[in-house]
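Participant: Compute the structure for the input listed below.
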Amino acid sequence: PVAYPVQFRVIGSDPARLRRHADEVRAILREHPQMQGVNDNWNESVKTMRLEIDQDKARALGVTSQSIAQAARTVFTGTTVGQYREGDRLIDIVFRQPPDERQAITDIANAYLPTASGRAIPLTQIARPVFVWEPGVMWRQNREYAITV
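Facilitator: Residues are numbered from 1 along each chain as shown. Just a heads-up that it's a prediction; the model follows:
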């Protein structure tokens, strides 16, 4: 037994183009009167936050992409700075903001970066947060993207 008796697999290297072709296949299948429950395995897109970095300004201030990534990670998820051994378990020691300071996207303004001169600047001076939609799951087959409709 299979969950879906009719399946078409759309394979390619460009996710955006692959998504368009899979949507076309899905539309054709939905038009058939005997088809029901037509869907695909890439599911819904999820909203993610990306930082648009002004690389020229960052280079002028001596700020690396690595320090930008580390500052953003520290604000939202924290950075592991060590481990604590309790019996036979290792417990990560995580450095991060208190919960009330990392709940909203605006909290990224609280992140500061060290510059080449030793001063600290706010992250929002060289990067701005932008929301984008991207696939929650991207399946592959033989190293190429694959959507099963």
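
Participant: Just give me the residue right at the centre of the chain.
Facilitator: Thr48 (5.5 Å; Cα atoms, centre = their mean).

Participant: Now do the helix or strand where it lies: distance to the chain's middle.
Facilitator: Using DSSP states H and E, Thr48 sits within strand 45-53. Strand 45-53 sits 6 Å away from the centroid of its parent chain (Cα atoms, centre = their mean, to the nearest Å).

Participant: and stretch 117-127, how far out from the chain's middle?
Facilitator: Worked out by Cα atoms, centre = their mean, stretch 117-127 lies 23 Å from the chain centre.

Participant: Now tell me what touches it from outside.
Facilitator: 51-54, 57-58, 61-63, 68, 71-72, 75, 108-109, 111-115 (Cβ atoms under 8 Å, 6 or more residues apart in numbering). (C-beta placed from N, C-alpha, C; glycine too.)

Participant: same thing but at 6 Å, please
Facilitator: For stretch 117-127, contacts defined as Cβ atoms under 6 Å, 6 or more residues apart in numbering pick out 51, 53-54, 57-58, 71, 108-109, 111-115.

Participant: elements contacting the lengthiest helix in the chain?
Facilitator: In terms of residue count, the longest helix belonging to the chain (DSSP state H) is helix 15-31. Here helix 15-31 touches strand 9-12, strand 144-148, going by 3 or more Cβ pairs under 6 Å, 6 or more residues apart in numbering; DSSP states H and E.
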